[in-house]
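Student: all I have is the shape, not the residue letters:
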């Protein structure tokens with residue numbers, strides 16, 4: 001009996017569209033405040049703003065692809081719901097983090113969000129890897145970037 005793949009393709013398209021829309025919304029919200037980043041006291045190995053913006057774009061792209069692949073696998077609805085909730089949580093925290101840092105100039109809250117993003121990413125990677133190993137591998141750079149964001153924001157908060 002052949003599998004019915006239409007909902008899976010729809011989930012992939014929806015996760016990609018939501019991730020790209022979040023990325024464009026973030027760019028729209030913080031781009032005019034990007035100059036403020038250059039005036040912060042930055043820790044060693046701090047990336048320039050344009051490189052961070054590129055990493056954020058890749059983060060949302062991988063988030064959409066990895067989650068779409070994980071949701072495309074036939075799984076129990078409870079597991080798919082967990083993956084979807086973790087995806088939305090990671091996406092919203094990833095959106096709020098640069099907005100808090102650059103637009104609202106709240107680095108302490110941005111650091112708290114980065115500290116929250118790290119376990120959220122690890123839970124999402126774990127849930128997605130249970131559904132499909134390739135999805136877990138695609139989402140692993142999110143964990144690395146979340147760790148770097150935590151380091152960067154901790155350095156900004158301590159050097160203030």
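Tutor: In hand now; what should we look at? In this text, all values refer to a predicted model and were calculated from it rather than measured experimentally.
Student: residues touching the helix or strand hosting residue 81, excluding its own?
Tutor: Secondary structure from DSSP states H and E places residue 81 in helix 77-98. Residues external to helix 77-98 that are found in contact with it (C-beta atoms under 8 Å, 6 or more residues apart in numbering): 15, 18-19, 22, 25-26, 29-30, 56, 59-60, 63, 67, 70-71, 110, 113-114, 116-117, 120-121, 123-124, 127-128, 130-131, 142, 149. Every residue, glycine included, has its C-beta placed from N, CA and C.
Student: which ones among these lie within helices?
Tutor: Applying DSSP state H to the contacts of helix 77-98, the entries found in helices are 15, 18-19, 22, 25-26, 29-30, 56, 59-60, 63, 67, 70-71, 110, 113-114, 116-117, 120-121, 123-124, 127-128, 130-131, 142, 149.
Student: what's the average pLDDT for the helix holding residue 81?
Tutor: For helix 77-98, mean pLDDT rounds to 93.
Student: quick one: distance of it to the chain centre.
Tutor: Helix 77-98 has its C-alpha centroid displaced from the chain centroid by 9 Å (C-alpha atoms, centre = their mean, to the nearest Å).
Student: kindly report the same for stretch 143-157.
Tutor: Relative to its parent chain, stretch 143-157 has a centroid offset of 13 Å by C-alpha atoms, centre = their mean.
Student: kindly report the same for stretch 114-134.
Tutor: Distance of stretch 114-134 from its chain centroid, counting by C-alpha atoms, centre = their mean, is 10 Å.
Student: that stretch: which residues count as buried?
Tutor: By neighbour count, with 16 or more other C-beta atoms under 10 Å as the criterion, the buried positions of stretch 114-134 are 114, 116-118, 120-125, 127-132.
Student: equivalent analysis for stretch 141-150, please.
Tutor: Going by 16+ other C-beta under 10 Å, stretch 141-150 has these buried residues: 141-143, 145-146, 148-150.
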